[in-house]
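Sequence plus the predicted model coming up.
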Amino acid sequence: MKIDFLIEETVKARHSVRTYQNRPLTAADQDKISTYIAALANPFAIDVNFHLLEKTALVSGEKLGTYGVIKGASNYVGASVAPGELVLEALGYSFEQLVLYCTSLGLGTCWLGGTFDRSGFSTAMKLKAGDLFPVISPLGYPAGKKRMLESVVQWAAKSNRRCEWSEIFYDHDFTHPLTPAAAGDYAFPLEMLRLAPSAVNKQPWRIVQDQNAYHFYEVQPTKDSKLGIDIQRTDVGIGACHFHLAAMESALPGSFEKLKDPGIQATNPVNYLFSWIRG
């Protein structure tokens, strides 16, 4: 898998943009994004379908509404996937890789999981029956000044806060916090994971380092009553993307696998999802 940007620089540059210049993407930028999407792959070997939408190009009358949260954007991207094991994690991984690539191009993005007209987007995307469709993002050129609403939304979502290492990374079990020193070469991939975005900045991932593996869990699994899916699994996929890209940039060999039982005794309600097995 080819990485087209510097991981740390791009991860730290990425932020949610809700106010855009009122103009569509240039043809050159649209071509770059389409080409990048065509080459996207995820380590779970699951097909994720991307749908690029432009308001002015819709001829069937669909309205791409975001209830006032997004202003000025003419272009959007949505992602869908057929039901199955680890599909939401794969979608989160691939979508975040696209978001980071767009960030490297100087474009603005914003993960949206609830504040948009799902019916309108679903129709515009021509989804297949049964497809899972958890998120969209605007794509465009950031406006120079934030609206008051944007500042309020960022404050409410605690967008700038990130958990400390001791809250989300553990050594051998869930009772011993993992330190950067103990993580060694993996301190960088874990730090990039720590900086990953998530719904309402909940950071629902918990990682346990044990021997030659890093086991990925989600905390307090919940199912969205409207979508019928566990959106937190998409968030863990976002974190896995940051972790994996940083590991590849650092030439740390390994692969993701779903183990039958990682053998870790949990002290709080968590759900095991998959593991990174060091090569």
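Ah, there it is.

all contacts plus neighbour counts: C-alpha atoms, from now on.
OK.

Within its local environment, how many residues does V17 see?
Neighbours of V17 under the rule other C-alpha atoms under 10 Å: 24.

Could you list the low-pLDDT ranges of this structure?
Scanning the chain for pLDDT under 70 picks out 57-63, 145-160, 223-226.

For the spatially most central residue of it, give me its contacts.
The residue lying closest to the centre of the chain (C-alpha atoms, centre = their mean) is I238, at 3.2 Å. For I238, the contact set (C-alpha atoms under 8 Å, 6 or more residues apart in numbering) comprises 89, 92-96, 196-198.

Quickly find the element holding A28.
Taking DSSP states H and E as the definition, A28 sits inside helix 27-39.

That helix packs against which elements?
In terms of contacts (3 or more C-alpha pairs under 8 Å, 6 or more residues apart in numbering; DSSP states H and E), helix 27-39 is packed against helix 87-104.

Name the residues that touch the helix it packs on?
Taking C-alpha under 8 Å, 6+ apart as the rule, helix 87-104 contacts 4-5, 10-11, 13-14, 33, 36-37, 40-46, 48, 79-81, 108-109, 139, 231, 233-241.

if we can go back for a sec, can you give the strand pairings for the very next helix or strand once past the helix holding A28, parallel or anti for each?
Downstream of helix 27-39, the next assigned helix or strand under DSSP H and E is strand 49-54. Each strand that pairs with strand 49-54, with its direction, by DSSP bridges: strand 75-81 (antiparallel).

In terms of helices and strands, where is the residue nearest to the centre of the chain?
Assigned by DSSP H and E, I238 belongs to helix 232-249.

send the alpha carbons of that helix over as CSV?
Provided in CSV are the C-alpha atoms of helix 232-249 (Å, rounded to 0.1, in the frame of the first residue of the first chain):
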residue,chain,number,x,y,z
GLN,A,232,-18.2,3.0,17.3
ARG,A,233,-16.8,0.2,15.2
THR,A,234,-16.3,2.8,12.4
ASP,A,235,-14.4,4.9,14.9
VAL,A,236,-12.1,2.0,15.8
GLY,A,237,-11.5,1.6,12.1
ILE,A,238,-10.4,5.3,11.9
GLY,A,239,-8.0,4.6,14.8
ALA,A,240,-6.7,1.5,13.1
CYS,A,241,-6.0,3.5,9.9
HIS,A,242,-3.8,6.0,11.9
PHE,A,243,-2.0,3.1,13.6
HIS,A,244,-1.4,1.1,10.5
LEU,A,245,-0.3,4.0,8.3
ALA,A,246,2.2,5.1,11.0
ALA,A,247,3.4,1.5,11.4
MET,A,248,4.0,1.3,7.6
GLU,A,249,5.8,4.6,7.5
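
Who are the packing partners of the helix or strand just after it?
Downstream of helix 232-249, the next assigned helix or strand under DSSP H and E is strand 254-257. Packing partners of strand 254-257 (3+ C-alpha pairs under 8 Å, 6+ apart): strand 270-278.

quick one: contacts of the host helix or strand of F188?
Counting by DSSP H and E, the element that carries F188 is helix 187-194. Contacting residues not belonging to helix 187-194 are listed as 8, 11, 162-163, 165, 180-181, 203, 239-247 [C-alpha under 8 Å, 6+ apart].

Please pick the buried ones from those.
Buried subset of the contacts of helix 187-194 (neighbour count, 16 or more other C-alpha atoms under 10 Å): 8, 11, 180, 203, 239-247.

of those residues, closest to V219?
Checking those against V219 by C-alpha to C-alpha gives Q203 as the nearest, at 8.8 Å.
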